[in-house]
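Chemist: fold the following.
(chains A, B and C)
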Amino acid sequence: MQRIILHIDMDYFFAQIEERENPQFKGKPVVVGADPKGGKGRGVVSTANYEARKYGIKSGMPISKAYQLCPNAIFLPVNIDLYQKVSNEIMEIMEKYSPISEIVSLDEAYLDLTEYSHILENMRMFGEKIGIEKSHKRAEKLARQLKKEIFEKEKLTCTVGIGPNKTVAKLAAEKAKPDGLKMVKPDEVEKFLDPLDVDDLPGIGPKTAEKLREIGINKILELKKLSKEKLKEMFGKVGERIWERARGIDEEPVSSEEIIKSIGRQITFERDTRDAKLIFGTFEKLIKEVYEELMQNNFSFKTITVICRFKNFETHTKSETLKKPTKDFEIFKKEAKKLLLKFLIENTKLVRLIGVRVSNLS
DNA sequence: ATTGAAGTACACG
DNA sequence: CTAACGCGTGTACTTCAAT
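Modeler: Modelled structure (predicted):
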């Protein structure tokens, strides 16, 4: 079955909302993220608008580096409640366009329009059977309409990619940003993918891209020369997915069902520390937050994992799996603290980050 | 031989 | 002074042990 998948991606989402709320920011570099604290901040950039990007500022970058690049930018904290509210409104609009949708994050979603086209075909609307060509025309029209509705109701722009599957739709959107609309039809997939960089493909991150670069592979066209077996040998199971994606093959369905598999919290201290009072006090807060979320979902847990990152960035985990699933807060607290204490006993380095996670939920 | 547990690596938004 | 690297969640891998 030939599908028609849309990927909807809001443009520089957090920063665009801040521009909307504060029109005086328009045309100026805006950086949403951690507090730069005069260049000493420890967090990272969440989103930067295009003016800020001109200075080389990108999401994920340490906020201290962003501050170096443009100290005069407008630095704003992440107002997640506002972004969540706006996101909900947008997703509600989006979901009217198809019963098959998938929300990926606050600012990204997929829609499967195949059904829609299919229904039209079978209905023989307007007295004629609608062929694949017309289905694509209709999908594009719907995408334009969706963009228009989001802009009129929310005063925010987005980019829509259309393709035969999620991978191609996402890449199409990626290449059409900002405020764009791009359709890649089934017979155009190869021509579209070949010149792209390998790390454009979902599943290829910095490490994988570097390994490929080492053997002289930079573009997807070159990546296709590697056999499935070779990629499997290099990257395991992921390698096979890479082989498929390089050829525009991706059967992943658009699906809204999400199963929570773990819940956790972690925090980086303002300064590296060995202060037991501070460490355990902070740890209790994390435990409480995790437990609260656990109870909101009425979950039992079986496995507790404690994460500890030291001054030198070495990160370690310790975990314990209980005999039986439980929802008991005291057991959670006691076991988690026991694990954290082990770290503090076997290691005297300053602590940068601590975290706690529960999994094996039921 | 299979399963489970512990710990780590990597990816993504 | 000796660079700088958050948070939350997921998958997959390796290693080791128990059944």
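Chemist: contacting residues around the residue of the stretch 1-150 of chain A found nearest DNA strand C?
Modeler: Among all residues of the stretch 1-150 of chain A, residue A:62 sits closest to DNA strand C, at 3.6 Å; criterion: C-beta to the nearest atom of the strand. From N, CA and C alone the C-beta is placed, and that goes for glycine too. Residue A:62 sits next to A:43-45 when contact means C-beta atoms under 8 Å, 6 or more residues apart in numbering.
Chemist: and if you look at residue A:331?
Modeler: residue A:322.
Chemist: from residue A:289, how far off is it?
Modeler: Per C-beta to C-beta, to the nearest Å, residue A:331 is found 17 Å from residue A:289.
Chemist: swap in residue A:103?
Modeler: When distances are taken as C-beta to C-beta, residue A:103 and residue A:289 turn out to be 23 Å apart.
Chemist: over to residue A:170?
Modeler: 32 Å.
Chemist: between those two, which one's more packed in?
Modeler: Just comparing residue A:170 and residue A:289: by other C-beta atoms under 10 Å the higher neighbour count belongs to residue A:170, 22 against 15.
Chemist: ok, back up a step: quick check, nearest of the contacts of residue A:62 to DNA strand B?
Modeler: Distance to DNA strand B, by C-beta to the nearest atom of the strand, is smallest for residue A:44 among those, at 8.5 Å.
Chemist: so that closest one bridges to which residues?
Modeler: Taking DSSP bridges, one obtains residue A:62 as the residues bridged to residue A:44.
Chemist: neighbours of it, just the number please.
Modeler: With neighbours defined by other C-beta under 10 Å, the count for residue A:44 comes to 16.
Chemist: helices along chain A, start to end?
Modeler: In chain A, helices defined by DSSP state H lie at A:13-21, A:50-53, A:63-69, A:80-95, A:114-123, A:132-154, A:166-176, A:189-193, A:206-214, A:220-223, A:228-235, A:237-246, A:276-296, A:329-346, listed in chain order.
Chemist: mind putting these into CSV with distance to residue A:28 and mean pLDDT?
Modeler: Formatted as CSV, the entries for the helices of chain A read as follows, by distance: least, C-beta to C-beta, whole Å; pLDDT from 0 to 100:
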stretch, distance to residue A:28, mean pLDDT
helix A:13-21, 9, 95
helix A:50-53, 6, 93
helix A:63-69, 14, 89
helix A:80-95, 19, 93
helix A:114-123, 41, 62
helix A:132-154, 21, 92
helix A:166-176, 25, 94
helix A:189-193, 35, 96
helix A:206-214, 31, 89
helix A:220-223, 37, 94
helix A:228-235, 43, 87
helix A:237-246, 38, 89
helix A:276-296, 35, 90
helix A:329-346, 44, 89
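Chemist: out of those, which is closest to residue A:36?
Modeler: The stretch from these with the least distance to residue A:36 (C-beta to C-beta) is helix A:63-69; that distance is 4.1 Å.
Chemist: put the alpha carbons of that closest one into PDB.
Modeler: As requested, C-alpha coordinates have been extracted for helix A:63-69 and formatted as PDB (Å, rounded to 0.1, in the frame of the first residue of the first chain):
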ATOM      1  CA  ILE A  63      24.700  28.300  26.800                       C
ATOM      2  CA  SER A  64      28.100  29.600  27.800                       C
ATOM      3  CA  LYS A  65      29.300  29.300  24.200                       C
ATOM      4  CA  ALA A  66      26.100  31.000  22.900                       C
ATOM      5  CA  TYR A  67      26.900  33.800  25.200                       C
ATOM      6  CA  GLN A  68      30.400  34.100  23.800                       C
ATOM      7  CA  LEU A  69      29.000  34.200  20.300                       C
END
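Chemist: give me the buried positions along that helix.
Modeler: If you call a residue buried by 16 or more other C-beta atoms under 10 Å, then helix A:63-69 has these buried ones: A:63-64, A:66-67, A:69.
Chemist: what packs against it?
Modeler: With contacts defined as 3 or more C-beta pairs under 8 Å, 6 or more residues apart in numbering; DSSP states H and E, the secondary structure elements packing on helix A:63-69 are strand A:30-33, strand A:45-48, strand A:74-76.
Chemist: what does the stretch 1-150 of chain A have sitting close to DNA strand C?
Modeler: Contact residues, the stretch 1-150 of chain A versus DNA strand C (C-beta under 7 Å from any atom of the strand): A:34, A:42-44, A:46, A:60, A:62, A:64-65.
Chemist: nearest to residue A:202 among those?
Modeler: The shortest approach to residue A:202 among these belongs to residue A:60, at 16.0 Å (C-beta to C-beta).
Chemist: how near is the closest residue to the closest one other than its chain neighbours to residue A:61?
Modeler: When the adjacent residues along the chain are set aside, residue A:60 lies closest to residue A:44, with 5.8 Å between them (C-beta to C-beta, 6 or more residues apart in numbering). Distance from residue A:44 to residue A:61, counting by C-beta to C-beta: 6 Å.
Chemist: over to residue A:29?
Modeler: Taking C-beta to C-beta as the measure, residue A:29 and residue A:61 are separated by 13 Å.
Chemist: the two: which is more packed in?
Modeler: Taking residue A:29 and residue A:61 together and counting by other C-beta under 10 Å, residue A:29 has the greater number of neighbours (22 against 16).
Chemist: just checking, that one touches residue A:73?
Modeler: Yes - in this structure, residue A:29 is within contact of residue A:73 by C-beta atoms under 8 Å, at 4.0 Å.
Chemist: what do those two both touch?
Modeler: Taking C-beta under 8 Å, 6+ apart as the contact rule, the neighbours common to residue A:29 and residue A:73 are A:48, A:52, A:55, A:57.
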